[in-house]
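S.K.: Would you be able to build a 3D model of this:
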Amino acid sequence: MKMTQVRNATMVMEYEDATVLIDPMLGAKGSMPPFPCATGDTSRNPLVDLVVPLEELLTPDAIVVTHTHADHWDPAAAALLPRHTPVLAQHAEDAALISGEGFTDVRILETTTVIGGVEFTRAGGQHGSDEILEAMPEVGEVMGVILRHGDDPLVYIAGDTILTDEVRKNLDQVAPDVVVLNTGEAVPSTLGPIIMGPEDVVEVAGLAPQAKIVASHLEALNHCPATREDVRAAAAAHAISERVVVPEDGETLLF
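M.R.: Reported below is the predicted structural model:
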């Protein structure tokens, strides 16, 4: 199995007989406005251009959209990806949005489904604390996804979530070989982050001692202050650097 970090939460999973595109944000650097940001950074998004050639991203066998915030499903993705490609969405609202953009095979991932020999299982998440979700209902709902394929490593993509009891339960029950965490510690307000950060990587590594941890969702958005170096430093401080992978954009990992 190959896993390519594209940019932000966008990844490509390559299996022997199927390619899966995760959370495509395909637009050019600066093509979208800034997100609200507690640090005051008003840079336009994305902060960086794609380094993976765009044409290499446009022929997946399946697309997973964990939620439809613009950094996971942007106008460029909606315009450029083939309309017939199966798309997995978290609920009816997101499915309707994507279908309304012309996609003809949009499926709600309610529990488990199989596409191209890859089994996809929905995993819950929470896009910020209870306080944040009450104050900022527009943050909305999210999902994670668990991918199984033959004898390949079992992958748990946690998605845009903080570290909740449900995520801890998933780590225990699923016992993944690879855990992908969104660790940019996005702060749209002073109420706190809406995704994980470097210290959460350390806790997850303790909860899933069998797993490699892949840190994603870094250095691409104005409201995500945590850096790759922050994650590497946290891993080094807790002597888990050999288990924590912090790929650069365009880097392909082999599992």
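
S.K.: From now on I want contacts and neighbour counts done on CA atoms only, so please keep to that.
M.R.: Will do.

S.K.: Could you check the pLDDT of residue 72?
M.R.: Each residue has a pLDDT score; the one for residue 72 is 98.

S.K.: need the contact list for it.
M.R.: Residues counted as contacts of residue 72 (CA atoms under 8 Å, 6 or more residues apart in numbering) are 9, 10, 23, 24, 25, 65, 66.

S.K.: Max pairwise distance over those: which two?
M.R.: Farthest pair in these (CA to CA) is 25 and 66. Separation: 12.1 Å.

S.K.: more crowded one of those two?
M.R.: The neighbour comparison of residue 25 against residue 66 (other CA atoms under 10 Å) goes to residue 66, with 30 against 24.

S.K.: before we move on, the earlier item: which ones among the contacts of residue 72 map onto strands?
M.R.: Judged by DSSP state E, these include residue 10 as members of strands.

S.K.: Closest to residue 106 out of the contacts of residue 72?
M.R.: Ranked by distance to residue 106 (CA to CA), the contacts of residue 72 are led by residue 65 at 10.2 Å.

S.K.: how about the nearest residue to residue 114 once chain neighbours are set aside, what does it touch?
M.R.: In space, residue 114 comes closest to residue 120 once its chain neighbours are excluded; the distance is 6.0 Å by CA to CA, 6 or more residues apart in numbering. The contact partners of residue 120, by CA under 8 Å, 6+ apart, come to 109, 112, 113, 114, 145, 146, 147, 148.

S.K.: before we move on, which element is residue 120 in?
M.R.: Per DSSP states H and E: residue 120 is located in strand 118-124.

S.K.: With respect to residue 199, which of the contacts of residue 72 is nearest?
M.R.: residue 9 (18.5 Å).

S.K.: related to what we said a few turns ago, give me the subset of the contacts of residue 120 that lies in strands.
M.R.: Of the positions in the contacts of residue 120, 112, 113, 114, 145, 146, 147, 148 sit in strands, assigned by DSSP E.

S.K.: beta partners for the closest residue to the second one other than its chain neighbours?
M.R.: In space, and not counting its chain neighbours, residue 113 is closest to residue 120: 5.4 Å by CA to CA, 6+ apart. Partner residues in beta bridges with residue 120, using DSSP bridges, are residue 113, residue 147.

S.K.: Report the secondary structure state of residue 253.
M.R.: strand (DSSP: H, G, I helix; E, B strand; the rest coil).

S.K.: burial measure for residue 157, as a count.
M.R.: 24.

S.K.: Okay, buried residues for the strand holding residue 120 please.
M.R.: The neighbour-count check on strand 118-124 (16 or more other CA atoms under 10 Å) flags 118, 120, 121, 122, 123, 124 as buried.

S.K.: got the contact list for stretch 125-144?
M.R.: With CA under 8 Å, 6+ apart as the criterion, stretch 125-144 contacts 66-67, 90, 122-124, 156-162, 164, 166-167, 191-195.

S.K.: ok, and for it, which residues are buried?
M.R.: The neighbour-count check on stretch 125-144 (16+ other CA under 10 Å) flags 125, 126, 127, 128, 129, 132, 133, 139, 141, 142, 143, 144 as buried.

S.K.: The fifth one and residue 139, how far apart?
M.R.: Same thing as residue 129. Distance, residue 129 to residue 139, using CA to CA, to the nearest Å: 11 Å.

S.K.: Which residue ranges of the stretch 51-200 of the chain form helices?
M.R.: Using DSSP state H, counting those that start in this stretch, the helices found in the stretch 51-200 of the chain span residues 75-80, 92-100, 130-135, 165-174, 198-207.

S.K.: which stretch in those has the least confidence?
M.R.: Sorting these by mean pLDDT places helix 130-135 lowest, at a mean of 90.
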